[in-house]
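# Provide a 3D model corresponding to the input given below.
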Amino acid sequence: MAKKKIVQNTKFNLKKVLIFWLPIVIWTTVIFLFSARPTVSTSQIVWQDFIVKKTAHVIEYAILAMLLYRALINSNVPKKEAGIYSIILAILYGASDEFHQFFTPGREPRVRDLFFDALGSILSIYLITKYLIKAPQKIKELAKKFQLI
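Just a heads-up that it's a prediction; the model follows:
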């Protein structure tokens with residue numbers, strides 16, 4: 001009887017890992033693959049190229065922080081701590097990604113990119129923790145569906 005209970009708990013934990021942590025692995029892989037490609041210009045106009053690339057940094061790390069937060073709160077980490085850990089982990093991943101670009105032909109690590117990664121992470125967690133609670137009911141229902149609150 002005890003053996004069966006252990007197996008059930010293992011299945012539950014595996015389900016949690018697949019639902020909450022696998023998306024993080026997939027998303028960090030996507031980030032890694034994009035940063036492993038040689039850089040390409042998105043526009044002939046320098047400031048437009050800058051805006052597109054930096055906006056991409058903010059968005060991709062906002063998503064990473066959101067996924068981390070979701071996984072942590074659903075792993076019984078208190079919300080405040082989950083927010084802090086999500087930001088720290090996303091920034092650390094951003095730093096490792098910039099380090100990885102040191103070895104990628106045509107790419108170079110930039111502190112400025114890490115700043116935009118951090119900005120995306122912080123904005124994401126700030127919006128989730130401060131404004132999602134006050135959001136209209138339809139947005140709250142969507143957030144509950146994605147298990148963000």
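
# grab the most central residue of the protein for me.
Centroid check for the chain by Cα atoms, centre = their mean gives Leu64 as the closest residue, at 0.6 Å.

# the residue lying closest to that residue once chain neighbours are set aside: which element?
Nearest non-adjacent residue to Leu64, counting by Cβ to Cβ, 6 or more residues apart in numbering: Ala90, 4.8 Å away. Every residue, glycine included, has its C-beta placed from N, CA and C. With the criterion set as DSSP states H and E, the secondary-structure element containing Ala90 is helix 79-101.

# report the buried residues of that helix.
Using 16 or more other Cβ atoms under 10 Å as the burial criterion, the residues of helix 79-101 that qualify are 82-83, 85-87, 89-91, 93-95, 97-98, 101.

# using a markdown table, lay out those together with distance to Ile59 and pLDDT.
Listed next are the buried residues of helix 79-101 as a markdown table, based on distance: Cβ to Cβ, whole Å; pLDDT from 0 to 100:
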| residue | distance to Ile59 | pLDDT |
| --- | --- | --- |
| Ala82 | 21 | 97 |
| Gly83 | 19 | 97 |
| Tyr85 | 21 | 98 |
| Ser86 | 16 | 99 |
| Ile87 | 16 | 98 |
| Leu89 | 17 | 99 |
| Ala90 | 12 | 99 |
| Ile91 | 15 | 98 |
| Tyr93 | 15 | 98 |
| Gly94 | 13 | 97 |
| Ala95 | 18 | 97 |
| Asp97 | 14 | 94 |
| Glu98 | 17 | 93 |
| Gln101 | 18 | 89 |
